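Engineer: Could you look at this predicted model? Sequence included:
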Amino acid sequence: MSIRVAILCGGLGGSRLVDAVARAAGEEAVTAIGNVGDDLEILGLRVSPDLDTVLYTLARLLDESRGWGVRDESYGALGQAGRLGGEAWFTLGDRDIGLHLVRTERLRRGEPLSSVTADLALALGLRVRLLPATDDVLRTKVATDEGELDFQTWFVGRRHADAVRGVRFDGAEGTRPAPGVLEAIVEADAVLVAPSNPFVSIWPILAVPGIEDALRSASAPVAAVSPLVGGKAIRGPLASMMETLGHEPTALGIARLYAGLANVFVLDRADAALAPAVEALGLRPVVCETVMVAPESRGEVGRQVLEGVLA
Ligand code: FO1
């Protein structure tokens, strides 16, 4: 019988782990549960960056050097919108806009995000199951010294230059897990928390009532993969966020965030010396290869992570 792996994911690190496990165990083995706190409405379009990064990564369409959007893009539509006075600070390529048009139209007709996402995945030829954490509206807000900012205003508009003082998930209390999310967690042979930013990629998933409880009651191992390697994030502002939010910017600092929620912690070989301290937190450490920048490296990382977590 094939295994079933549920992966909580957001952003680039999330999409890479989904790809890694899909390469190692087969796409059908994977249910990816994606963050929607980064979603935005811009130029009348509904954009779901973290879901799209998973779709584009698996469909081999991602611009791997930027880590978002479609490779070999053109920007005719956005250029024209900008010349006509529209918002052009959030870079939407022409092919990407095509996907947003389809999603937006179907959402306006009243279809839930989960069924639209499932159809997009199917149309792209994917066999991974990709679920938004919720079909309801939940938006990440970032507290800074300049006041509270929408996630993408902080991240893209202001290039995440403002120190983060806190994070909040607007609307989370009223949301429900999307269909299939709780079942995927409860029925999995392994639940993985991807090497995504805990504060703005994983916490918004756990903010959906019911998801954290499902993780805590899962009979399968729940394993968090460290997004910090040698004290640095592969990409993005996580290391500086750890500091401004009062946490040690190392894999051990990440392990402390997940203690009590996960029971396994995967850390890179570069951080092997931290394994005893991770164990002292009550997390079983798995030390293996975790860097997945090169697509060709991912199958082996997926294999090592699964082997360690299921041991
Ligand atoms: N990130 C940027 O740094 N600048 C952009 O202009 C930008 C546009 C964009 C368009 C579509 C999409 O799916 C993602 C996009 N991203 C952009 C990335 C994205 O905002 C963030 O990486 C994630 O939300 C963080 O997980």
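Structural biologist: Yes, it's here. Keep in mind it's a predicted model, so treat the numbers as computed, not measured.
Engineer: any idea how far the worst-scoring helix or strand of the chain on mean pLDDT is from the chain center?
Structural biologist: Least confident helix or strand, the chain: strand 232-233 with a mean of 92, by mean pLDDT, DSSP states H and E. Centroid displacement of strand 232-233 relative to its chain, using C-alpha atoms, centre = their mean, to the nearest Å, is 16 Å.
Engineer: Make 3 the first number, not 1, from now on.
Structural biologist: Got it, the first residue is 3 from now on, which makes the last one we talked about strand 234-235.
Engineer: Just to check, residue 195 is in contact with residue 227?
Structural biologist: Yes - between residue 195 and residue 227 there is a contact at 6.7 Å, judged by C-beta atoms under 8 Å. Using the backbone N, CA and C atoms, a C-beta is placed for each residue, glycine as well.
Engineer: After the least confident helix or strand of the chain, which helix or strand is next?
Structural biologist: helix 240-246 (DSSP states H and E).
Engineer: Identify all contacting residues around that next one.
Structural biologist: If you take C-beta atoms under 8 Å, 6 or more residues apart in numbering as the criterion, helix 240-246 is touched by 165-167, 199-202, 229-230, 233-235, 250-251, 255-256.
Engineer: For residue 232, see how far away residue 279 is.
Structural biologist: According to C-beta to C-beta, to the nearest Å, residue 279 and residue 232 sit 15 Å apart.
Engineer: hang on, the earlier thing: please see if the least confident helix or strand of the chain touches the ligand.
Structural biologist: No - applying C-beta under 6 Å from any ligand atom, one finds strand 234-235 separated from the ligand by no less than 11.7 Å.
Engineer: now, which of the contacts of helix 240-246 lie within helices?
Structural biologist: 255-256 (DSSP state H).
Engineer: Which members of the contacts of helix 240-246 are classed as buried?
Structural biologist: 165-166, 199-202, 229-230, 235, 251, 255-256 (16 or more other C-beta atoms under 10 Å).
Engineer: now, which of the residues you listed sits nearest residue 158?
Structural biologist: Residue 158 has its nearest neighbour among those in residue 202, at 12.7 Å by C-beta to C-beta.
Engineer: picking that back up, okay, residue 279 and residue 232: which has more neighbours?
Structural biologist: residue 279 (15 against 9; other C-beta atoms under 10 Å).
Engineer: what's the burial count for the closest residue in space to that one that isn't next to it in sequence?
Structural biologist: Sequence neighbours aside, residue 254 is the residue nearest to residue 279 in space, at 5.3 Å (criterion: C-beta to C-beta, 6 or more residues apart in numbering). Look at residue 254: counted by other C-beta under 10 Å, it has 22 neighbours.
Engineer: In terms of helix, strand or coil, where does residue 267 fall?
Structural biologist: Put simply, residue 267 is strand when judged by DSSP: H, G, I helix; E, B strand; the rest coil.
Engineer: how about the nearest residue to it, chain neighbours excluded?
Structural biologist: residue 285 (4.1 Å).
Engineer: what's the neighbour count on that neighbour?
Structural biologist: 25.
Engineer: Now do it against residue 273, distance only.
Structural biologist: 13 Å.
Engineer: anything in contact with each of these two?
Structural biologist: Joint contacts of residue 285 and residue 273 (C-beta under 8 Å, 6+ apart) do not exist.
Engineer: so where's the protein shaky on pLDDT?
Structural biologist: 3 (pLDDT under 70).
Engineer: quick one, phi psi at whichever residue of the stretch 153-302 of the chain sits closest to the ligand?
Structural biologist: Minimum separation of the stretch 153-302 of the chain from the ligand (C-beta to the nearest ligand atom) falls at residue 158, amounting to 4.1 Å. Dihedral angles of residue 158 (phi, psi; degrees, to the nearest 10) stand at phi -100, psi -50.
Engineer: Can you report how many residues neighbour the spatially closest residue to it that is not a sequence neighbour?
Structural biologist: Counting by C-beta to C-beta, 6+ apart, residue 158 lies nearest to residue 92, which is 5.6 Å off, once chain neighbours are set aside. By other C-beta under 10 Å, 17 other residues sit near residue 92.
Engineer: Got the phi and psi for residue 92?
Structural biologist: According to degrees, to the nearest 10, residue 92 has phi -100, psi 110.
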